[in-house]
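Visitor: sequence and predicted structure below; questions after.
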Amino acid sequence: MVDDNIIATQEQPSKAEAVVSEKPKPQSRSRKKAASAEPVKAPANKRKMYSAQERRNILASVAKSTADGKTTVKEALKAVGVSDQAYYNWKKAADKSAPAASSAVHGDELKDLVALEAENKRLRRELADKLRAENAELRRRLAQI
(Lines give C-alpha, C1' and ligand atoms only; values in the text may rest on other atoms or scores of the structure.)
Protein backbone atom coordinates (compact mmCIF):
# COMPACT_ATOMS: atom_id res chain seq x y z
CA MET A 1 0.00 0.00 0.00
CA VAL A 2 2.71 2.38 0.84
CA ASP A 3 4.36 1.61 -2.50
CA ASP A 4 1.14 2.41 -4.38
CA ASN A 5 0.99 5.89 -2.86
CA ILE A 6 4.61 6.68 -3.76
CA ILE A 7 4.16 5.57 -7.37
CA ALA A 8 1.02 7.62 -7.74
CA THR A 9 2.67 10.78 -6.50
CA GLN A 10 5.66 10.33 -8.77
CA GLU A 11 3.52 10.05 -11.88
CA GLN A 12 1.56 13.26 -11.29
CA PRO A 13 3.56 16.49 -11.63
CA SER A 14 2.92 19.11 -9.02
CA LYS A 15 1.42 22.49 -9.91
CA ALA A 16 4.68 24.31 -9.15
CA GLU A 17 6.63 22.10 -11.55
CA ALA A 18 4.01 22.60 -14.25
CA VAL A 19 4.28 26.39 -14.00
CA VAL A 20 8.07 26.34 -14.12
CA SER A 21 8.21 24.03 -17.08
CA GLU A 22 5.79 26.18 -19.11
CA LYS A 23 8.15 29.23 -19.11
CA PRO A 24 10.95 29.02 -21.64
CA LYS A 25 14.28 29.94 -20.09
CA PRO A 26 16.05 32.75 -21.90
CA GLN A 27 19.69 32.15 -22.70
CA SER A 28 22.16 34.60 -21.30
CA ARG A 29 23.55 37.14 -23.71
CA SER A 30 27.13 36.50 -22.81
CA ARG A 31 26.90 32.96 -24.10
CA LYS A 32 25.46 34.11 -27.41
CA LYS A 33 28.21 36.67 -27.87
CA ALA A 34 30.93 34.27 -26.88
CA ALA A 35 29.67 31.65 -29.29
CA SER A 36 29.36 34.04 -32.23
CA ALA A 37 32.55 36.04 -31.66
CA GLU A 38 35.55 34.74 -33.52
CA PRO A 39 39.04 35.59 -32.37
CA VAL A 40 40.61 38.30 -34.48
CA LYS A 41 44.26 37.79 -35.29
CA ALA A 42 46.52 40.74 -35.80
CA PRO A 43 48.73 40.49 -38.86
CA ALA A 44 52.15 39.22 -37.91
CA ASN A 45 54.65 41.86 -39.01
CA LYS A 46 58.17 40.73 -39.62
CA ARG A 47 60.74 42.73 -37.67
CA LYS A 48 62.91 45.01 -39.74
CA MET A 49 66.57 44.84 -38.77
CA TYR A 50 68.61 47.98 -39.35
CA SER A 51 72.37 48.06 -39.69
CA ALA A 52 74.46 50.43 -37.60
CA GLN A 53 74.92 52.77 -40.56
CA GLU A 54 71.16 52.83 -41.25
CA ARG A 55 70.50 53.64 -37.61
CA ARG A 56 72.98 56.53 -37.69
CA ASN A 57 71.37 57.85 -40.89
CA ILE A 58 67.88 57.67 -39.39
CA LEU A 59 69.02 59.39 -36.18
CA ALA A 60 70.67 62.14 -38.24
CA SER A 61 67.65 62.64 -40.49
CA VAL A 62 65.28 62.86 -37.52
CA ALA A 63 67.60 65.32 -35.76
CA LYS A 64 67.85 67.40 -38.93
CA SER A 65 64.09 67.50 -39.51
CA THR A 66 63.30 68.41 -35.90
CA ALA A 67 66.11 70.97 -35.53
CA ASP A 68 64.17 73.73 -37.29
CA GLY A 69 61.15 73.16 -35.03
CA LYS A 70 58.63 72.72 -37.84
CA THR A 71 58.14 69.00 -37.25
CA THR A 72 57.91 66.95 -34.09
CA VAL A 73 59.94 63.85 -33.35
CA LYS A 74 56.82 61.70 -33.64
CA GLU A 75 56.01 63.06 -37.12
CA ALA A 76 59.60 62.63 -38.29
CA LEU A 77 59.67 59.03 -37.04
CA LYS A 78 56.37 58.30 -38.77
CA ALA A 79 57.79 59.66 -42.03
CA VAL A 80 60.88 57.47 -41.68
CA GLY A 81 58.86 54.43 -40.59
CA VAL A 82 60.51 53.76 -37.23
CA SER A 83 58.77 53.27 -33.89
CA ASP A 84 59.29 55.73 -31.05
CA GLN A 85 60.75 53.08 -28.77
CA ALA A 86 63.28 51.89 -31.35
CA TYR A 87 64.38 55.50 -31.98
CA TYR A 88 64.94 56.25 -28.30
CA ASN A 89 66.78 52.95 -27.77
CA TRP A 90 69.08 53.75 -30.69
CA LYS A 91 69.61 57.28 -29.42
CA LYS A 92 70.53 56.05 -25.93
CA ALA A 93 72.97 53.51 -27.37
CA ALA A 94 74.55 56.18 -29.59
CA ASP A 95 74.92 58.56 -26.63
CA LYS A 96 76.68 55.87 -24.59
CA SER A 97 79.16 55.04 -27.35
CA ALA A 98 79.87 58.64 -28.42
CA PRO A 99 81.76 59.79 -25.28
CA ALA A 100 83.97 56.72 -25.38
CA ALA A 101 84.97 57.49 -28.96
CA SER A 102 85.56 61.20 -28.33
CA SER A 103 87.52 60.66 -25.11
CA ALA A 104 90.39 59.00 -26.94
CA VAL A 105 93.36 61.32 -26.43
CA HIS A 106 95.80 61.82 -29.30
CA GLY A 107 99.59 61.94 -28.83
CA ASP A 108 99.93 65.76 -28.96
CA GLU A 109 97.06 66.25 -26.52
CA LEU A 110 98.65 63.74 -24.15
CA LYS A 111 101.95 65.65 -24.16
CA ASP A 112 100.12 68.91 -23.42
CA LEU A 113 98.23 67.24 -20.58
CA VAL A 114 101.44 65.95 -18.97
CA ALA A 115 103.07 69.40 -19.26
CA LEU A 116 100.05 71.10 -17.67
CA GLU A 117 100.00 68.62 -14.79
CA ALA A 118 103.72 69.26 -14.13
CA GLU A 119 103.14 73.02 -14.15
CA ASN A 120 100.18 72.61 -11.80
CA LYS A 121 102.34 70.62 -9.35
CA ARG A 122 105.11 73.29 -9.47
CA LEU A 123 102.64 76.13 -8.82
CA ARG A 124 101.13 74.27 -5.86
CA ARG A 125 104.60 73.88 -4.31
CA GLU A 126 105.35 77.60 -4.78
CA LEU A 127 102.04 78.56 -3.17
CA ALA A 128 102.69 76.25 -0.21
CA ASP A 129 106.17 77.78 0.29
CA LYS A 130 104.76 81.34 0.20
CA LEU A 131 102.04 80.45 2.71
CA ARG A 132 104.58 78.84 5.08
CA ALA A 133 106.82 81.91 4.90
CA GLU A 134 103.87 84.27 5.53
CA ASN A 135 102.66 82.12 8.43
CA ALA A 136 106.15 82.11 10.01
CA GLU A 137 106.39 85.91 9.65
CA LEU A 138 103.00 86.40 11.34
CA ARG A 139 103.99 84.11 14.24
CA ARG A 140 107.26 86.02 14.69
CA ARG A 141 105.40 89.37 14.82
CA LEU A 142 102.89 87.94 17.27
CA ALA A 143 105.71 86.76 19.56
CA GLN A 144 107.23 90.28 19.67
CA ILE A 145 104.04 91.85 20.99
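Guide: Yep, it's here.

Visitor: longest helix anywhere in the protein?
Guide: Using DSSP state H, we find that the single longest helix of the chain is helix 107-144.

Visitor: quick one: mean pLDDT over that one.
Guide: The average pLDDT within helix 107-144 is 95.

Visitor: shaky segments in this structure?
Guide: Low-confidence segments of the chain (pLDDT under 70): 1-45, 99-105.

Visitor: where along it do the helices fall?
Guide: 2-11, 15-22, 29-36, 52-67, 73-80, 84-102, 107-144.

Visitor: any idea how the protein splits into domains?
Guide: Using the TED database, the domain parsing of the chain gives 49-98, 101-144.

Visitor: and those domains, which is most packed in?
Guide: Compared across the domains of the chain, domain 49-98 shows the largest average neighbour count, a mean of 13 (mean count of other C-beta atoms under 10 Å). (Glycine included, C-beta is placed from N, CA and C.)

Visitor: distance between the ends of that one?
Guide: The first and final residues of domain 49-98 sit 22 Å from each other (C-alpha to C-alpha, to the nearest Å).

Visitor: could you measure Ser51 against Trp90, distance?
Guide: Note on Ser51: its distance to Trp90, by C-beta to C-beta, to the nearest Å, is 12 Å.

Visitor: and what of Asp112?
Guide: Counting by C-beta to C-beta, the gap from Asp112 to Trp90 is 35 Å.

Visitor: give me every residue that touches Leu116.
Guide: Neighbour list for Leu116: empty [criterion: C-beta atoms under 8 Å, 6 or more residues apart in numbering].
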